[in-house]
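> Sequence and predicted structure, then a few things I'm wondering about:
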Amino acid sequence: MKLLKKALCLILALVMALSCCGTAFAAESKEEYPMVYLAGFGDTIIYYEDDPEMKSLFFPLDTDRLLGNLKNMDDYIIESVKNKEPDLLYTCLYNYLWDSFGMLRINPDGSSVDGVVAAEVRLNHVGDGRYDFNYDCRKDPFVIAEELHEYIAMVKEATGSDKVELVASSFSANAALTYLKLYENDLHDIDSVVLCVPSIGGISLFSEIFAGELNVGHIPFRNYIGSLDKSGFLYDFMDILNEYGLLEPIVEAMLVPALKAAIFRALTDICRDLIATIPAAWACVTDDYFEKAMINIYGEDYADPSQEYAAHIERVTDFHENIKMKAEDILTDTKKNYPDMHMAVVCKYGNPSIPLSKYEDTLTDGLVFIELSSFGATCADYGSTLPEDYKQAKYPEKNLVSPDRLIDASTCLFPFNTWFIKGLDHAQKNEDYHKVLAAVAHGDLDVDTDENYPQYLMVSPEDEERIVPFAFTEKEETLYQKIFAFAKKIFLMPKILWFKVFG
């Protein structure tokens with residue numbers, strides 16, 4: 001009996017000891033704070049205030065409204081194209097865009113059009129400790145940042161937590177950046193900042209629309225159409241046409257110049273009359289296009305205080321000069337002043353850009369250049385790789401080059417805290433995407449912390465809903481690829497001989 005009592009006492013002592021150890025280990029492990037998630041541009045419910053169903057006027061799109069606006073227009077458009085009447089096409093396209101989205105414009109005083117409202121900012125817990133910040137995506141980043149500050153206080157009060165994780169996607173990264181600057185002396189309640197596919201550097205497509213310099217490039221046309229054909233035939237065929245200088249005139253011939261000009265004019269004018277009134281949209285204009293865009297929209301005297309949109313222009317310019325153009329300084333200063341704050345960037349890559357830009361071969365996520373979204377990664381051109389003799393620019397003791405030799409992350413602002421996901425375009429998400437973001441935010445990861453989340457990830461070839469570590473293997477050439485490679489040499493032989501003989 002005494003022996004049994006001693007055994008029980010020993011077991012109890014061990015349990016208590018292990019419990020204490022467990023408590024100690026738990027105290028050392030990182031606490032998971034609530035996540036405040038900022039969605040990208042357009043993820044706001046904007047609706048007519050007398051609409052009880054709150055049907056979105058922006059995104060998600062009300063397809064019934066959009067299709068309804070197309071009624072009686074198709075005949076006019078067909079007639080315009082058939083008879084090559086650009087003015088009719090321009091009028092149809094402009095009126096359609098205006099009827100569909102004109103109610104979203106912002107008045108010179110910063111207010112919405114009468115009768116149009118955005119869903120109010122309220123506590124929105126979506127599960128797993130995540131709180132979505134639903135803001136009016138049309139407002140300028142300064143206003144959104146102030147509302148974010150109030151929202152973070154709401155989350156802290158509701159959860160009893162003293163800190164939050166801040167995760168911002170696409171356009172909202174601009175708001176997060178503005179928040180870091182406005183409240184630079186009061187960020188002790190931010191445990192981590194994760195910027196996903198940030199558009200802080202700007203978007204070429206938006207920039208060219210704002211500047212009135214839209215164009216259909218034949219190279220991005222080849223890339224984009226080729227990406228839709230998994231066999232690779234279309235890309236290869238267009239590549240041969242391009243080698244002989246035939247692709248560009250063919251693409252131009254497909255688009256009747258007068259009709260193309262009418263379409264571009266409609267897009268440019270709708271930008272001036274609608275999109276440019278939305279402060280947030282200006283955050284998407286790159287630095288090299290900003291002044292051109294201002295002149296195109298408001299004229300050479302855009303800084304004149306008598307301008308109807310003078311206050312709007314001043315706010316937009318203030319953001320561009322003091323936030324956007326100082327993004328890297330703001331991020332590095334924040335990290336320096338708050339060394340315990342985890343800061344990370346998650347990018348996507350591998351998708352061709354929309355073929356309405358002069359930037360032909362730049363590696364993008366379909367919308368934003370990877371060099372910009374990653375704050376400085378060195379990238380190969382789309383359709384090629386870094387040279388065979390390429391040497392990693394920095395940190396030779398670590399391998400920061402992607403397995404497919406498209407990206408060198410050593411030149412990023414945060415080289416050890418920047419992740420890349422191949423196979424998702426800019427706005428695309430799958431089941432695992434938010435799990436990656438949560439792991440990076442909650443775990444204070446760097447690219448070597450967790451083998452499940454290395455620097456380079458990809459959409460699983462077996463399951464499009466899963467994101468897995470990048471596993472790059474050289475694929476054996478298919479019979480088609482071998483035949484085409486041989487045929488291409490034959491097709492290009494006359495060109496090669498011509499240059500050898502005549503230079």
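Structure received. The shown structure was predicted, so the numbers you read here are calculated from the model rather than taken from an experiment.
> count of neighbours near the nearest residue to residue 159 once chain neighbours are set aside?
Nearest residue to residue 159 in three dimensions, chain neighbours excluded: residue 34, at 5.0 Å (CB to CB, 6 or more residues apart in numbering). Yep, even glycine has a C-beta here, placed from its N, CA and C like the rest. If you count neighbours by other CB atoms under 10 Å, residue 34 ends up with 21.
> Could you do residue 185 as well?
Neighbours around residue 185, by other CB under 10 Å: 7.
> again, but for residue 259
For residue 259, using other CB under 10 Å, the count is 17.
> Over to residue 376?
Quick note: residue 376 (other CB under 10 Å) scores 20 neighbours.
> Ok, the one 10 residues further on next?
The number of residues packed near residue 386 is 19, by other CB under 10 Å.
> so how far is residue 145 from it?
37 Å (CB to CB, to the nearest Å).
> Likewise for residue 270?
From residue 270 to residue 145 the distance is 28 Å (CB to CB).
> before we move on, what about residue 443?
Counting by CB to CB - residue 443 and residue 145 are separated by 26 Å.
> Looking at the two, which is more packed in?
Per other CB under 10 Å, whichever of residue 443 and residue 145 has more neighbours is residue 145, with 22 against 16.
> if I read this right, the more buried one contacts residue 184, doesn't it?
No. At 11.4 Å, residue 145 does not count as touching residue 184 under the criterion of CB atoms under 8 Å.
> could you give me the average pLDDT of stretch 279-298?
Across stretch 279-298, pLDDT averages out at 94.
> Buried ones in that stretch, by neighbour count?
279-286, 289-290, 292-294, 296-298 (16 or more other CB atoms under 10 Å).
> buried set for stretch 340-356?
Quick answer for stretch 340-356 (16+ other CB under 10 Å): 341-353, 355-356.
> how about the closest residue to residue 62 other than its chain neighbours, what does it touch?
Closest residue in space to residue 62, ignoring its immediate chain neighbours: residue 55 at 5.0 Å, by CB to CB, 6+ apart. By CB atoms under 8 Å, 6 or more residues apart in numbering, the contact set of residue 55 is 47-48, 62, 65.
> For residue 466, state which of those is nearest.
residue 62 (32.1 Å; CB to CB).
> ok, the closest one - how many residues close by?
Neighbour number of residue 62 under other CB under 10 Å is 16.
> now swap in residue 116 and tell me
19.
> what's the pLDDT at it?
So residue 116 comes in at 92 (pLDDT).
> so it bridges to which residues?
Here residue 116 sits in beta bridges with residue 48, as judged by DSSP bridges.
> wouldn't it be in contact with residue 56 here?
No. The pair residue 116 / residue 56 is not scored as a contact, 11.3 Å apart, by CB under 8 Å.
> Between the two, which contacts overlap?
With CB under 8 Å, 6+ apart, residue 116 and residue 56 have common neighbours 46-47.
> List the contacts of residue 372.
Neighbour list for residue 372: 199-202, 286 [criterion: CB under 8 Å, 6+ apart].
> same question, residue 183
So, once contact is read as CB under 8 Å, 6+ apart, residue 183 ends up touching 145, 149.
> sorry, back to before: scan the contacts of residue 55 and report the most crowded one.
residue 47 (21 neighbours).
> what's the nearest residue to that residue if we skip its chain neighbours?
Using CB to CB, 6+ apart, the closest residue to residue 47 is residue 54 (4.5 Å).
> Confirm the one you found sits in a strand?
No. Applying DSSP: H, G, I helix; E, B strand; the rest coil, one finds residue 54 to be coil, outside a strand.
> Would you check that it makes contact with residue 119?
Yes. At 7.0 Å, residue 54 counts as touching residue 119 under the criterion of CB under 8 Å.
> Mutual contacts of these two, please.
Taking CB under 8 Å, 6+ apart as the contact rule, residue 54 and residue 119 both touch 45, 47.
> In the stretch 401-503 of the chain, what residue spans correspond to strands?
Remark: strands assigned in the stretch 401-503 of the chain by DSSP state E, counting those that start in this stretch are 407-408, 418-422, 456-459, 467-469.
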